[in-house]
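K.L.:
no sequence on this one, just coordinates:
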């Protein structure tokens, strides 16, 4: 891997900020869809942080190759954000259940984590959430590509 693949660029920074903002916004859209009394803790902060990481590593790395690739990178970033968000949030829930000694073994805990991940994914099947993710991905890719061409 060439050294320039890890270099900070304005395109990466903008993609990270935009996808981080998308992570925060979508987190706010998910809150009313969850059961009443759900303890969210630092839910928004975790998802915004994941958005920043995904924006930097996934989207930012693919910017500067043209607008179609930028749009594709933005959509890929939105999908990656959903995957990592589901993974981290279900892992957190599984660990909380494990601390309550609800599992007898590792495989039971891992199976529960994937069941939780599936349940959370079903919550995301909402027109407003999906629309926001698609638009955020497209905007991130478009603006990120523009910035990458202009300042990177």
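P.N.:
Arrived safely, thanks for sending. Everything quoted here is computed from the prediction, not taken from an experiment. Residues are numbered from 1 along each chain as shown.
K.L.:
residues near residue 69, how many?
P.N.:
Other residues near residue 69 come to 15 when the count uses other C-beta atoms under 10 Å. Backbone N, C-alpha and C define where each C-beta goes, glycine included.
K.L.:
wait, I meant residue 102
P.N.:
12.
K.L.:
Could you find the closest non-adjacent residue to it?
P.N.:
The spatially closest residue to residue 102, leaving aside those adjacent along the chain, is residue 112, at 7.7 Å (C-beta to C-beta, 6 or more residues apart in numbering).
K.L.:
The helix or strand hosting residue 98: which residues count as buried?
P.N.:
Here residue 98 is covered by helix 67-99, with elements defined by DSSP states H and E. Of all the residues in helix 67-99, those buried under the rule 16 or more other C-beta atoms under 10 Å are 70-78, 80-82, 84-86, 89-90, 92-94.
K.L.:
From residue 75, how far off is the residue nearest the centre of the chain?
P.N.:
Within the chain, the residue whose C-alpha comes closest to the C-alpha centroid is residue 81; the distance, by C-alpha atoms, centre = their mean, is 1.9 Å. According to C-beta to C-beta, to the nearest Å, residue 81 stands 11 Å off from residue 75.
K.L.:
got it, and residue 67?
P.N.:
Applying C-beta to C-beta, the value for residue 67 to residue 75 is 13 Å.
K.L.:
One more: residue 132?
P.N.:
Summarising the geometry, the distance separating residue 132 from residue 75, computed by C-beta to C-beta, is 13 Å.
K.L.:
Cool, thanks, talk later.
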